[in-house]
Every structure is written in structure tokens, then in C-alpha cells.
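Trainee: No sequence on hand, only this structure:
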């Protein structure tokens, strides 16, 4: 009787190693002015593309690892209404017995739009770029802030896709002033009026907004790569 002996060799599977590379959206490359040169700074900053922006005296820049075809930003602002101040909305002086108490001209709509654009670009908000602790912004026209936000937007390679804004106030009625506001926004933003939408809502006499003690605005903006 023949005996067959089988030799079984074990087969060991080699573990495979898979390397996954993650790319961060922003690579900080913060700089600050020093004479005529830019020297590295340890302070962090925010920017998009080749965009640079000064925050508290420092200039910050960064390059995204990925170019996005569009960016979305949201802005919100609220101001207290007090007698003795002009009521300026979207750069238009609106007749009213109260106006926005603020360090600058208190334009709640333009402030809101600035924050929406800066938010879409991933940059610091309006309070960081134009702090109310800086006397040079005392009584400043908010068109200055809009122009800087638009400059940063173009420098980053984007333009307005469309903008939708909602103002919340009990009084006055904005219907008679909407077209003037939209025309001014179109000029400030360099955008066709057809991509700008402006709505106004009351607050049904609820809280400070409904009691005509304050005014607020929301804005959503879509930025498209040029």
C-alpha cells in the first residue's frame, strides 16, 4: 500500500500599503509690510489665489491648491436706528426720522454685501478689515468698503454670478427706492442689474426690528470664476 505524503506550503499574502494624499484648501503664506519689501510674519491670514489683504496692519496671502469654478458667500448685518442719523441703504439716502448709528455711514445693505463677498473668498469679515476702532473709518462711505471687496474679488479671479439680498425693517417702505438702490449696486459691483435681486420684509412688529428700533439685512452671493 503506497502512502502519499503531501507537503502544503502556506501562502502568506503581503499586506499592501495605500498612501492617500490629502491637499489642504489653503496654504498660509503670511507676510507683512517691512519698508518696501514683504517679510514673513508668524501671524495667520486668509486669502484666495494671489489675493492679499491687510488685517490689523499685516498683509496676508495664500494660494488655494484647487481652483474652484464658483464660490458662495452669505452676509448678515444689523444696526440700531436712532434719531439724528441719516438712513443710507445701498448708497441711497432714504428719508426717515431715524438712521443707523454706526462708526461709518451705517449702510446695512452694503456692509452685508461686503461680508458676503469676503465670505465667498474665505477672507476676514468687514469688522476685521475695517475695524470701528480705527478713526480713519469714522463716517466713511460704505462704497469704500464695497470697492475694496470688489477689488479683492477680481484679484482672486472671480466676478459676480448673482446676488440676492433681503432687507428687514418695519419702516420706511423701500418700494419707491428699490430701482435707485439696484442701479447704484450695479455700478458699485460692476454687475448687470439683472443678476441683482433686492427684497424688503417687515418683522411683523416683533422685537427691535418690528418696533422700528433696528434694521437688518441678509445677502447671498455667487461668485463665478472669470
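Mentor: Perfect, thanks for sending it. Remember, predicted model here, so these are calculated numbers, not experimental data.

Trainee: What are the buried residues along the longest strand belonging to the chain?
Mentor: As assigned by DSSP state E, the longest strand anywhere in the chain is strand 70-83. Applying a neighbour-count criterion of 16 or more other CB atoms under 10 Å, the buried positions in strand 70-83 are 71, 73, 75, 77, 78, 79, 81. In this view, the C-beta of every residue, glycine as well, is placed from N, C-alpha and C.

Trainee: Identify all contacting residues around the helix or strand just after it.
Mentor: Later in the chain than strand 70-83, the nearest helix or strand by DSSP states H and E is strand 87-89. If you take CB atoms under 8 Å, 6 or more residues apart in numbering as the criterion, strand 87-89 is touched by 81, 93-96, 98-100, 105-109, 142, 167, 172, 174, 177, 181, 215.

Trainee: what's the following helix or strand after strand 87-89?
Mentor: Moving toward the C-terminus from strand 87-89, the next helix or strand (DSSP H and E) is strand 92-94.

Trainee: What is the next helix or strand after that next one packed up against?
Mentor: Next along the chain after strand 92-94, taking DSSP H and E as the criterion, comes strand 98-100. Strand 98-100 sits against strand 70-83, strand 87-89, with contacts defined as 3 or more CB pairs under 8 Å, 6 or more residues apart in numbering; DSSP states H and E.

Trainee: Closest one of the buried residues of strand 70-83 to residue 207?
Mentor: Nearest to residue 207 among the buried residues of strand 70-83 is residue 78, at 10.9 Å by CB to CB.

Trainee: returning to that earlier point: would TSV of the buried residues of strand 70-83 with distance to residue 128 be doable?
Mentor: Converted to TSV, these look like this (distance: CB to CB, whole Å):
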residue	distance to residue 128
71	19
73	15
75	14
77	14
78	18
79	18
81	25
